[in-house]
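[1] here is my input; please provide its structure:
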Amino acid sequence: MGTFSRGTLQNMANLDPWYVTGFCDGEAAFTYSRARGSFNIYFGIKQREDNQQIIDDLWEYFGYAGAVYRNKESASTKNSGFTNASAYFRVSRIDELAVIISHFDKYPLQSQKKSEAYKIWREMVIHKLENYRNADYDKLRMLAERLSRANLKSRAFKVHSK
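    Here you go, the predicted structure:
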């Protein structure tokens, strides 16, 4: 896969690009969701409310691609645990994901596991960009399975059953 140039990165927040890569290497998710045969590919970063400034800075850095969501603190319920207030930066529009790719092609991730997941995710995004109306869902399913395995391997803390 050669250099991808469809997206235009506008470092509006004046963050160091290598800082952005390093932060994302530890905190970002290159992933997808799937419902009724369709794939929603996305890039996301979630931080506690006291770290929301970095979320805002990253959103600005990426030229306001995607959106920032704020979640309020919520108490435990019978179906879920306590949730801290947080800020979540998410990019899911396929044309805006090109901006994300542009950055990581120029400033590659350093960790082996995250880099592996990114490469698979990137292939999914490129496929959707190039075949927007005629995406090969068998290919996307195969890539999604590979991405799921790569993302499991890239988790810093794995949950172990006893």
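
[2] tell me the SS of the residue nearest to the spatial centre of the chain?
    In the chain, the centroid-proximal residue (Cα atoms, centre = their mean) is Phe43; its distance is 1.9 Å. Following DSSP: H, G, I helix; E, B strand; the rest coil, the label given to Phe43 is strand.

[3] that one pairs with what?
    Here Phe43 sits in beta bridges with Phe30, Val91, as judged by DSSP bridges.

[4] residue contacts, it?
    Phe43 makes contact with Ala28, Ala29, Phe30, Thr31, Gly66, Arg90, Val91, Ser92, Leu97, Ile100, Trp121 under the criterion Cβ atoms under 8 Å, 6 or more residues apart in numbering. From N, CA and C alone the C-beta is placed, and that goes for glycine too.

[5] could I get those residues in JSON lines, plus columns for neighbour count and pLDDT?
    JSON lines is the format used below for the contacts of Phe43 (neighbours: other Cβ atoms under 10 Å; pLDDT from 0 to 100):
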{"residue": "Ala28", "neighbour count": "22", "pLDDT": "95"}
{"residue": "Ala29", "neighbour count": "17", "pLDDT": "94"}
{"residue": "Phe30", "neighbour count": "27", "pLDDT": "95"}
{"residue": "Thr31", "neighbour count": "17", "pLDDT": "93"}
{"residue": "Gly66", "neighbour count": "23", "pLDDT": "97"}
{"residue": "Arg90", "neighbour count": "16", "pLDDT": "97"}
{"residue": "Val91", "neighbour count": "20", "pLDDT": "98"}
{"residue": "Ser92", "neighbour count": "16", "pLDDT": "95"}
{"residue": "Leu97", "neighbour count": "26", "pLDDT": "97"}
{"residue": "Ile100", "neighbour count": "24", "pLDDT": "97"}
{"residue": "Trp121", "neighbour count": "27", "pLDDT": "96"}
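
[6] out of these, who's nearest Ala135?
    The closest of those to Ala135 turns out to be Leu97 (Cβ to Cβ; 13.8 Å).

[7] so that closest one sits in a strand?
    No - if the criterion is three-state DSSP, then Leu97 is helix and not within a strand.
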